[in-house]
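Enquirer: sharing a sequence plus its predicted fold:
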Amino acid sequence: RKEVEQDPGPFNVPEGATVAFNCTYSNSASQSFFWYRQDCRKEPKLLMSVYSSGNEDGRFTAQLNRASQYISLLIRDSKLSDSATYLCVVLPADSWGKFQFGAGTQVVVTP
Amino acid sequence: EPEVTQTPSHQVTQMGQEVILRCVPISNHLYFYWYRQILGQKVEFLVSFYNNEISEKSEIFDDQFSVERPDGSNFTLKIRSTKLEDSAMYFCASSDFASGRSSYNSPLHFGNGTRLTVT
């Protein structure tokens, strides 16, 4: 089983719609979780950390389900500029820096 | 906003040559990292560096690779005897993770990468 798994997509989303997708992780003791976005051939950029109680940042909502070992990202009122690949990133419990990346979920927002 | 800077943005080298990729982490960060991404694949951890020594490394990071912090600002990745399969985007990152501080507040901050092409 892969350490971090994501649906590669693409998720084709009409502008203004809502899209949500998940990421599963294999290490139950993982300590922290993040969503990054990556535009084509660019560096990953932090979108948001994912807290145990769930958290929101504007149109973005992240949830953590430790029992089922997945995190989710929901994007409301999608904008064309939200088109990107969204990377799920997990930090294992016994590591200070060996962040594990999912392969990414591609989102394409269409006019 | 402080940035991680990497040079060069693109490096072309012949198989068997040595390359040095350079990075300037964010100045008050303590942890430095190298990750790589082969075209079309996921971002892979190579090495983390703290207090002037390697903290963790992956199985990719073998004797062909080395890292160094030659002065107070630069952090370098040296790849000896490059192979075709070393062609990838190499990202430097830093974080301000410290003992007692939640890792949630210390995510990775990436540079804009060096595209290495080995011919």
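Expert: Great, that's in hand.
Enquirer: CA only for contacts and neighbour counts going forward, please
Expert: Noted.
Enquirer: for residue B:108, which non-adjacent residue is spatially closest?
Expert: Leaving aside its sequence neighbours, residue B:108 sits nearest to residue B:95 (C-alpha to C-alpha, 6 or more residues apart in numbering or on different chains; 5.2 Å).
Enquirer: apologies, that question was intended for residue B:41.
Expert: Distances taken as C-alpha to C-alpha, 6+ apart place residue A:103 nearest to residue B:41, at 6.6 Å, with adjacent residues excluded.
Enquirer: and residue A:43, how far from chain B?
Expert: According to C-alpha to the nearest C-alpha, to the nearest Å, residue A:43 stands 5 Å off from chain B.
Enquirer: who are the neighbours in contact with the residue nearest to residue B:108?
Expert: Going by C-alpha atoms under 8 Å, 6 or more residues apart in numbering or on different chains, residue B:95 touches B:26, B:29, B:30, B:31, B:32, B:106, B:107, B:108, B:109.
Enquirer: minimum pLDDT in those, which residue is that?
Expert: When the contacts of residue B:95 are compared on pLDDT, residue B:106 comes out lowest, with 79.
Enquirer: which outside residues touch stretch B:54-69?
Expert: Applying C-alpha under 8 Å, 6+ apart, the set of residues contacting stretch B:54-69 from outside is A:97-98, B:45-49, B:52, B:75-81.
Enquirer: which of these count as buried?
Expert: Using 16 or more other C-alpha atoms under 10 Å in any protein chain shown as the burial test, the contacts of stretch B:54-69 include A:97-98, B:45-49, B:75-80 as buried.
Enquirer: can I get these in a markdown table including pLDDT?
Expert: Shown next, in a markdown table, are the buried ones among the contacts of stretch B:54-69 (pLDDT from 0 to 100):
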| residue | pLDDT |
| --- | --- |
| A:97 | 77 |
| A:98 | 87 |
| B:45 | 95 |
| B:46 | 97 |
| B:47 | 96 |
| B:48 | 93 |
| B:49 | 93 |
| B:75 | 96 |
| B:76 | 97 |
| B:77 | 98 |
| B:78 | 98 |
| B:79 | 98 |
| B:80 | 97 |
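Enquirer: what is the neighbour count of residue B:42?
Expert: When neighbours are counted by other C-alpha atoms under 10 Å in any protein chain shown, residue B:42 registers 15.
Enquirer: can you tell me how far the most centrally placed residue in chain B sits from chain A?
Expert: In chain B, the centroid-proximal residue (C-alpha atoms, centre = their mean) is residue B:34; its distance is 2.3 Å. Between residue B:34 and chain A the computed distance is 10 Å (C-alpha to the nearest C-alpha).
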